[in-house]
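[1] here is my input; please provide its structure:
(one chain, ligands or ions: 1)
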Amino acid sequence: MVLEFWDNEPGDQHDEFDDWTSRHPDAFVLNYLADDRAMLHKAVCAKLHGPHQNPSEGKSRTQRRKLCCDDRRFLLLRGAKDTVSIDVCQSCKP
Ligand SMILES: [Zn+2]
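    Model prediction:
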């Protein structure tokens, strides 16, 4: 199953995303940098959990669309459906 976290109201998905990734440390996240471009990370990658992304400061982790899944291959197939070009994070090497 692929889950989507993406703010409707500023910051409204931030806590759900943090909660889900902390409960699924072995899962994967597609972080959309643009409509047609995304980066694949491990759920625990530090690049997804920067301390500067704080809703109380008007910045949310889920300002950018995120698709999450326990299954790497399934997530990549789902991303390919959106004709997304997908790069792999060189920091967490998912
Ligand atoms: Zn990463």
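[2] contacts and neighbour counts: CA atoms only from here.
    Noted.
[3] for the residue most central in space within the chain, report the pLDDT, please.
    Taking Cα atoms, centre = their mean as the criterion, residue 66 is the residue nearest the geometric centre of the chain, at 3.5 Å. With respect to pLDDT, residue 66 scores 97.
[4] what bridges to it?
    Beta-bridge pairing for residue 66 (DSSP bridges): residue 5, residue 31.
[5] so it touches residue 5, yeah?
    Yes. Under the criterion of Cα atoms under 8 Å, residue 66 makes contact with residue 5 at 5.2 Å.
[6] run a quick neighbour tally on residue 93.
    Close neighbours of residue 93, defined as other Cα atoms under 10 Å, add up to 10.
[7] quick one, grab the pLDDT at it.
    On pLDDT, residue 93 comes in at 97.
[8] how about it, secondary structure?
    Here residue 93 is coil, with the state taken from DSSP: H, G, I helix; E, B strand; the rest coil.
[9] next up, the contacts around it.
    41, 42 (Cα atoms under 8 Å, 6 or more residues apart in numbering).
[10] ramachandran coordinates for it?
    Note on residue 93: backbone dihedrals following degrees, to the nearest 10 are phi 40, psi 70.
[11] repeat for residue 23
    The phi/psi pair for residue 23 (degrees, to the nearest 10) is phi -90, psi -10.
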